[in-house]
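# Turn this into a model:
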Amino acid sequence: MKNLKTQGFVLIDVDVAALNNAGKTENTDLDNGVATKQIRKNGRTFPYVSGQAWRYWWRNTLQKDFDWSLSPVIRESKIAFTAADPIEYADDDIFGYMRAASEEVTDDKGKVKKENVTVTRVSPLKNSAIISVASVRPAENWSSMSRQEGDAVPYTKQEYSAIMKGMFSLDLEQVGTFASYNKTGFKNLSEKLRSDAIEKGATEIVDDHLVGAKGEAHKLVRIAKETRTKRITETIAALKTIGGGAMQTNNMADVTPKFLILATMTSGNHPFTHVAINSGIDNATFLLNTEGISEVITDYAAQFLGTIYIGIRSGFLDKDTSEALKDVVEKHKANVVLTSVNDAIDKYIEQLISQIP
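Numbering: from 1, shown residues only. As a prediction, this is how the structure comes out:
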């Protein structure tokens, strides 16, 4: 196993948006004022979208645009969980799960009894929050409902315009590959699911990273490559049409990437964290760190596998930054392709198909 990861970095550009709300605002005396999520760093304010919200958008896009049948959610008292069946449901495979359940087992004497089984799966898809690159102070928009008789009903909401960054990592080795041995965090499948998977054509492979107490090799269950490839490539392709955000009725925003980097690496470290930075007075200006992109390509050259694809939507960057980015690509032209966003996704997927183990 080669520890292969798709490492992705995206920039989105929104105007007068309210992508992820945070409940009642403290900036108004009105009972129905709504705040947007924001965080402070170095004394400055940065609106953000939680990682959970981004995953919600991603999962919904896979359902609507790629016909994924999502794992059913079961609610019991104060807890909720999915079916925890990654063989049947692609989203359980990609997004992970935890479920405490019971199943019938037969003991040595032939008696059938129920046994508690807790299964967990660390998500192969990991992502950051989506956060404003530059410092932004959300505007307080005062509105009112006045179509009814009597006094108007005032309310407020916070809105902002921002270029926002996010990063993600998809573990190509982990997708469609499951452990069933009894170790916390590793038991992805119950014995019944494991047996069912093998009956349906799944194979067993040796786990190169873990051995038993006596030195014996543990085995993993891996489903067909065709199915794994479909799940991986559709997860990446969903970036072309991903949609979401709060208050879309009046604050509709396009959250598809306007700039992205896609690369396959042999490391879990994400190198693109600082290719978009803030600058200027009050950290209020967005800057694409083209020198930083060149530095990453050089410093991590041994860990990149294949071509690095950079996609940019026409008109997103100013002329000087666009020229600087072209210079970077020319410097590393043997390893980097610069194209449109959707074409970068398509070309990366073509490469990815040959890299999936």
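# Identify the residue spatially nearest to residue 341, adjacent ones excluded.
residue 311 (3.8 Å; CB to CB, 6 or more residues apart in numbering). C-beta coordinates here come from the backbone N, C-alpha and C atoms, glycine included.
# Bridged to the one you found, which residues?
residue 260, residue 339 (DSSP bridges).
# And the helices in the stretch 51-200 of the chain, which stretches?
Here the stretch 51-200 of the chain has its helices, by DSSP state H, counting those that start in this stretch, at 51-66, 90-95, 191-199.
# okay if I get these as a markdown table plus distance to residue 320, mean neighbour count and mean pLDDT?
As requested, these are exported to a markdown table (distance: least, CB to CB, whole Å; neighbours: other CB atoms under 10 Å; pLDDT from 0 to 100):
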| stretch | distance to residue 320 | mean neighbour count | mean pLDDT |
| --- | --- | --- | --- |
| helix 51-66 | 30 | 18 | 97 |
| helix 90-95 | 39 | 25 | 96 |
| helix 191-199 | 54 | 15 | 87 |
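# right, and the ones you listed - which one's nearest residue 175?
Across the helices of the stretch 51-200 of the chain, residue 175 has its closest neighbour in helix 90-95 (6.3 Å, CB to CB).
# what's the closest one packed up against?
Contacts defined by 3 or more CB pairs under 8 Å, 6 or more residues apart in numbering; DSSP states H and E place helix 90-95 against helix 51-66, helix 225-237.
# For my notes, please list those in CSV and give distance to residue 45 for each entry.
Listed next are those as CSV, based on distance: least, CB to CB, whole Å:
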stretch, distance to residue 45
helix 51-66, 18
helix 225-237, 32
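# OK, contacts around the residue nearest to residue 341?
Going by CB atoms under 8 Å, 6 or more residues apart in numbering, residue 311 touches 257, 259-262, 338-345.
# for this structure, longest strand please?
strand 153-171 (DSSP state E).
# other SSEs contacting that one?
Partner elements for strand 153-171 (3+ CB pairs under 8 Å, 6+ apart): strand 5-17, strand 34-36, strand 44-49, strand 125-127, strand 130-132, strand 139-145, helix 225-237.
# So what's the gap between that strand and the chain middle?
Remark: strand 153-171 is offset 15 Å from the chain centroid, using CA atoms, centre = their mean, to the nearest Å.
# Contacts only, for the spatially most central residue of the chain.
With distances taken as CA atoms, centre = their mean, residue 127 lies nearest the centre of the chain, 4.1 Å away. By CB under 8 Å, 6+ apart, the contact list for residue 127 reads 51, 54, 55, 58, 166, 167, 168, 169.
# Mind picking the one among these that's closest to residue 333?
residue 167 (24.3 Å).
# And for that closest one, the neighbour number?
When neighbours are defined as other CB atoms under 10 Å, residue 167 has 19 of them.
# Check the one 10 residues further on too.
By other CB under 10 Å, 22 other residues sit near residue 177.
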